[in-house]
Structure formats: C-alpha cells, structure tokens
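Asks: Return a 3D structure for these sequence lines:
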Amino acid sequence: MPNLLVIKSSILGAHSASNELVDEYVMLWKDKYQSGNVVVRDFSESPIPHLSGETFAAFLVEPGERDESQNSAVALSDELISEFMAADQIVIGMPMYNLSVPSSFKAYIDHITRAGVTFQYTEEGPVGLAGGRSVLVLGARGGVYKGTPMDLQTPYLDAVMGLIGIEKVTYINAEGLALGPEVQSSSMSEATSYVRTLFL
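Replies: Residues are numbered from 1 along each chain as shown. Modelled structure (predicted):
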C-alpha cells in the first residue's frame with residue numbers, strides 16, 4: 001500500500017495557489033491508488049514551531065539517556081521524521097515568500113534534518129539516510145524567477161533534500177501570479193495541466 005505525505009506550507013490555507021495544485025495532485029493520486037494512505041501536514045492549521053535550544057540540545061542526547069523533558073522536546077521531531085520515513089512519496093506545496101521558502105517550512109526542515117537520524121557525518125562528508133523516496137514540489141510565485149539568481153528556493157531545496165539522501169526533486173511552478181488576472185489564470189492552468197500529465 002503506497003504512502004503519500006502531503007506538506008502544505010502556505011499561510012493562506014484554502015486561499016493558497018500552491019495548496020490548489022496540491023489538492024489537484026492528491027485527488028488524482030487517490031483515484032490511482034485507492035488503497036493508498038495519505039498523511040497531510042498543513043502548516044496554516046498546525047504551524048511547526050521554530051527549533052529551540054532545548055530541543056537541539058535534546059537531539060544530542062542518546063535516546064535511552066534522555067530524561068522526561070528531553071523526550072518531550074524531541075517528540076514532535078520524532079513524529080515528523082517517522083511520517084517522512086514512512087512515505088513513498090512526499091508532495092510539497094511551496095509558495096515563494098521573499099525569494100525563499102516559508103519560515104514554517106524551514107522550521108519543518110530543522111526538525112527532520114538530524115545527524116544520526118536522517119543523515120550522518122562520515123570522513124567523506126555527510127551521507128543521507130532518507131533516500132528511496134521521491135519528492136514533488138508544487139510551487140506558486142508572484143513573479144517569474146525560474147532560472148534566475150533570484151530563485152533561492154530551488155537550490156536550497158535541492159541541497160537540503162540531497163543532504164538527507166533524496167537524489168531528485170521534481171518541480172512544477174505556477175509563476176507570475178501577481179502579474180495580472182490573465183497571467184495568473186494561464187500560469188495556474190498550465191501548472192494544473194502539468195500535474196495531470198503525471199497520471200496519464
């Protein structure tokens with residue numbers, strides 16, 4: 001039974017263009033994998049807290065040696081990592097905020113990117129431990145940034161996913177959404193059509 005993890009990182013909830021693309025994908029995925037399991041994390045409904053010094057310190061303590069407060073501090077991180085590792089595929093709704101990822105998504109990354117858990121340090125450098133699953137990013141951007149130096153999202157996502165062992169990230173971005181109704185409609189239509197081709 002395939003498992004899909006859905007990450008909605010927009011602050012706009014039902015009004016989010018990236019969430020609209022994600023919902024289209026999930027509908028098609030459920031139609032194809034009717035016995036599949038879908039887990040949804042919507043940061044507009046349940047924000048991920050930013051990493052604290054207490055939580056980071058608890059990460060450095062061996063699980064069997066943690067006290068009650070340390071176990072409590074790492075509980076959310078452990079839960080998020082368990083969801084990630086259980087998924088065959090991760091689909092991420094990714095708006096662009098100030099040229100980069102939403103702060104809630106950065107907080108999520110800080111909770112799931114843990115040395116000794118999702119990657120490890122070796123003499124040859126870091127080695128990912130979360131490979132074997134695919135990541136699809138469904139993006140929404142007010143301007144047109146693809147292939148320009150102002151696109152700080154794509155290299156960041158490639159690098160951080162590579163750190164934990166994800167070798168390939170696929171991107172479908174609706175761009176120019178703030179450039180007028182016609183551009184917005186055309187861009188969303190094109191991105192939605194692209195999403196549908198993944199299931200042909």
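Asks: Can you pull out the low-pLDDT segments for the protein?
Replies: Applying pLDDT under 70 to the chain flags no residue at all.
Asks: hey, which helix is longest across the protein?
Replies: Once the chain is assigned using DSSP state H, the helix that runs over the most residues is helix 68-86.
Asks: tell me what the helix or strand just after it is packed against?
Replies: Following helix 68-86 in sequence order, the next helix or strand is strand 89-95 (DSSP states H and E). Using 3 or more Cβ pairs under 8 Å, 6 or more residues apart in numbering; DSSP states H and E, the elements in contact with strand 89-95 are strand 3-8, helix 17-32, strand 134-140. The way it works is simple: take the backbone N, C-alpha and C, and place the C-beta from them, glycine included.
Asks: just the angle between strand 89-95 and strand 3-8, please?
Replies: Inter-element angle recorded for strand 89-95 and strand 3-8: 10 degrees (by axes from the mean of the first three to the mean of the last three Cα atoms, to 10 degrees).
Asks: Give me the contacts around strand 89-95.
Replies: 2-12, 16-19, 21-22, 25-26, 29, 84, 101-102, 105, 133-141, 153, 157 (Cβ atoms under 8 Å, 6 or more residues apart in numbering).
Asks: Now restrict those to buried residues only.
Replies: By neighbour count, with 16 or more other Cβ atoms under 10 Å, the contacts of strand 89-95 hold 3-10, 16-19, 21-22, 25-26, 29, 84, 101-102, 105, 133, 135-141, 153, 157 as buried.
Asks: just checking, next helix/strand downstream of the helix or strand encompassing residue 154?
Replies: Per DSSP H and E, residue 154 falls inside helix 153-163. Where DSSP H and E defines the elements, the next helix or strand beyond helix 153-163 is strand 169-174.
Asks: Sounds good, over and out.
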